[in-house]
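Q: build the 3D model from these lines:
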Amino acid sequence: MLAACFFAGIRILAYLCNMVKTFSLQRRRGLLPWAAGLMMLCSGCASQVKSGFVEVSEGGRIYYEECGKGEPLLLLHGHSLDTRMWDEQFKPFSRYFRTVRLDFRGYGRSSEQSETQRATHMDDLLAVMDSLGIGRASVVGLSMGAFVAGDLLALHPERCRKVVLASGSIRKGSPGPGEPMGAAEKARRDQEIAALKAKGVGVMKQEWLEQLMSSGGSHRERMRLPLRRMIEDWPAWQPLHKEARLFYGKEAWTVLKQKRPATPVLMLRGENEHRKGRPEELRYLPNGRLLILPDCGHMMNMEQPRFFNSLIISYLKLIPN
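A: This is a model prediction of the structure:
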């Protein structure tokens, strides 16, 4: 009953936000002051930020930051980005949860990837959880971060309290570590790498930035500068190399269909994203739900941070484990 009321309330709020998005800011303030209050849940950190590195397999080091107390919450970033994509969530979330954000291997301040590495991003995430004494956690992943969260949900549901899959999920069609790269795939990657070098990494980065911006709604320009900074800092190792199998992909998908984990799962899409219809994952997630966020696209947390924050905090606090 509580879950039904929560999702009904969120849908009503989303509808109202969508209804008033063409109004002037002055009229919005006059019509929906209570909605603004709902979205302004918090700011500031409940405790000091701790940071450091966790030693992982094959000589890797994963950078992390931690703030707050309470139930653990892990924030998993998208491709070409790093911990900074969670800047408008990290401190607000830390008022309610022990919040940890990290850089995946090959991104941000973590160590580089290699073409021969055997560890996946999920393996590194488990090593971070073990090192920080986190047995179970709620997990919020966006885009690539949702690929990793999906792997964890399928293969280790016992480590998950609740999972939020934003703008992504398990990479159902991608081979996992049990299916090494064959000769034909290696040859294709050599051609793609040569083409990228000929075009220029700078051109590719600009195209990628515009692709992330393209699905945005009326607030998308607010995220251009922080996205640009992260993409400019990204070394672009992945498109320039034959990246190892860093996601369990098809292997995780097979296990998810067999296990049908009872973990509460919230799948989020931006209204302007290209994917439509009910996600296939929900057939195998008895406690899974889909919500469409109005007036935003792929990078919803950066585009509509107040609405995103209030939604996630409410979901993690109100929906039973």
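Q: show the average pLDDT along the helix or strand harbouring Phe307.
A: Following DSSP states H and E, one finds Phe307 within helix 305-318. The average of the pLDDT scores along helix 305-318 is 96.
Q: who are the packing partners of it?
A: On a contact count with 3 or more CB pairs under 8 Å, 6 or more residues apart in numbering; DSSP states H and E, helix 305-318 meets helix 2-19, helix 33-39, helix 87-94, strand 160-166, strand 288-293. All C-beta atoms are positioned from the backbone trio N, CA, C, and that covers glycine.
Q: can you do 6 Å?
A: Identification of packing neighbours for helix 305-318 by 3 or more CB pairs under 6 Å, 6 or more residues apart in numbering; DSSP states H and E yields helix 33-39, helix 87-94.
Q: going by mean pLDDT, which of these comes out lowest?
A: Across these, helix 33-39 gives the lowest mean pLDDT, at a mean of 39.
Q: which SSE is immediately downstream of that one?
A: Assigned by DSSP H and E, the successor of helix 33-39 is strand 50-55.
Q: is it correct that Glu58 falls within a strand?
A: No. Judged by DSSP: H, G, I helix; E, B strand; the rest coil, Glu58 forms no part of a strand; its state is helix.
Q: all numbers from here: first residue = 379
A: In the new numbering, first residue 379, that becomes Glu436.
Q: burial count for the nearest residue to it once chain neighbours are set aside?
A: Excluding the flanking residues, the one nearest Glu436 by CB to CB, 6 or more residues apart in numbering is Gln495, at 5.4 Å. A count of nearby residues for Gln495, using other CB atoms under 10 Å, gives 21.
Q: then Gln495 would be within a strand, right?
A: No. Counting by three-state DSSP, Gln495 is not found in a strand; it is coil.
Q: was I right about it contacting Leu624?
A: No. Counting by CB atoms under 6 Å, no contact exists between Gln495 and Leu624, whose distance comes to 8.1 Å.
Q: element containing Glu629, please.
A: Glu629 belongs to helix 628-637 when assigned by DSSP H and E.
Q: enumerate the positions of that helix that are buried.
A: For helix 628-637, burial by neighbour count (16 or more other CB atoms under 10 Å) applies to Lys628, Glu629, Ala630, Trp631, Val633, Leu634.
Q: what does stretch 500-508 give?
A: So, applying 16+ other CB under 10 Å, buried residues of stretch 500-508: Met500, Asp501, Asp502, Leu503, Leu504, Ala505, Val506, Met507.
Q: export the residues you listed to a markdown table and tack on secondary structure and pLDDT?
A: As requested, the buried residues of stretch 500-508 are exported to a markdown table (DSSP: H, G, I helix; E, B strand; the rest coil; pLDDT from 0 to 100):
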| residue | secondary structure | pLDDT |
| --- | --- | --- |
| Met500 | helix | 98 |
| Asp501 | helix | 98 |
| Asp502 | helix | 98 |
| Leu503 | helix | 98 |
| Leu504 | helix | 98 |
| Ala505 | helix | 98 |
| Val506 | helix | 98 |
| Met507 | helix | 98 |
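Q: now render the residues you listed as JSON lines, adding distance to Ser692.
A: Supplementary listing: the buried residues of stretch 500-508 in JSON lines, determined by distance: CB to CB, whole Å:
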{"residue": "Met500", "distance to Ser692": "27"}
{"residue": "Asp501", "distance to Ser692": "32"}
{"residue": "Asp502", "distance to Ser692": "30"}
{"residue": "Leu503", "distance to Ser692": "25"}
{"residue": "Leu504", "distance to Ser692": "28"}
{"residue": "Ala505", "distance to Ser692": "31"}
{"residue": "Val506", "distance to Ser692": "26"}
{"residue": "Met507", "distance to Ser692": "24"}
